[in-house]
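>>> Quick one, fold the following:
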Amino acid sequence: MKKKNLEAKFGQPENGQATVTQPTVTAGPIKLPKSLQIFSDNPAEPVTIVLGSDRLGDGDPALGLDLLKSFLMALDEQPKPPEALILYNSAVLLTQQDSPAFKILQDLQKKRTEILVCSMSLQHYCPNEPLHVGEIRTMAMLVERMMTAHHILWPK
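Now for the predicted structure:
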């Protein structure tokens, strides 16, 4: 069976508007846009982990907290730590000194894992609290970081 490649052709902009012709179907290998060619499925590439909650899963909250702590401990024990850990929403609570995951985050940061904390989430959950681990970033900066990551793990 032949692979098909859908290809849209764009005309030159006139008066600030571009024209698009009908897609054509051609036989041959699928060509990735340049922006996707930099993505690698090589497991040796750096990993970025995105956490949107201070718990894993939707069940028992206590179990969810234990699961997240266990997940972070397993990350810390890996021979190659993640390149970055992005925290948003209630995951920013993990950066507080009274968090059961605080020491693990400190250990990961010492191993050169970037801990990037959403400024909006931090302001919502921890107003007037100093950040004890990690670096504050805007959502736009976090999105840019995710867009350039080789691999993203997004445990739920």
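>>> By residue count, tell me the biggest helix in this structure.
In the chain, taking DSSP state H as the definition, the longest helix is helix 61-77.
>>> who does the helix or strand immediately after that helix in the chain touch, helix- and strand-wise?
Sequence order places strand 84-87 as the next helix or strand after helix 61-77, per DSSP states H and E. Where contact means 3 or more C-beta pairs under 8 Å, 6 or more residues apart in numbering; DSSP states H and E, strand 84-87 is packed against strand 47-51, strand 114-118, helix 139-147. All C-beta atoms are positioned from the backbone trio N, CA, C, and that covers glycine.
>>> Pipe those into CSV and attach distance to residue 91 and mean neighbour count per row.
Output for these, formatted as CSV (distance: least, C-beta to C-beta, whole Å; neighbours: other C-beta atoms under 10 Å):
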stretch, distance to residue 91, mean neighbour count
strand 47-51, 4, 21
strand 114-118, 8, 20
helix 139-147, 11, 14
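>>> related to what we said a few turns ago, can you give me the offset of the longest helix of the chain from its chain's centre?
Relative to its chain's centre, helix 61-77 lies at 18 Å (C-alpha atoms, centre = their mean, to the nearest Å).
>>> mind showing which ranges of the chain have poor pLDDT?
1-44 (pLDDT under 70).
>>> about what we covered before: which strands or helices does the longest helix of the chain pack on?
Partner elements for helix 61-77 (3+ C-beta pairs under 8 Å, 6+ apart): helix 102-110.
>>> quick one: the helix it packs on to strand 47-51, angle?
150 degrees (axes from the mean of the first three to the mean of the last three C-alpha atoms, to 10 degrees).
>>> Tell me which other helices or strands helix 102-110 touches.
Packing contacts for helix 102-110, counted by 3+ C-beta pairs under 8 Å, 6+ apart, involve helix 61-77, strand 114-118.
>>> which parts of it are buried?
Of the residues in helix 102-110, 102, 104, 105, 106, 107, 108, 109 count as buried by neighbour count, 16 or more other C-beta atoms under 10 Å.
>>> Tell me the one of these nearest residue 94?
Distance to residue 94, by C-beta to C-beta, is smallest for residue 105 among those, at 6.1 Å.
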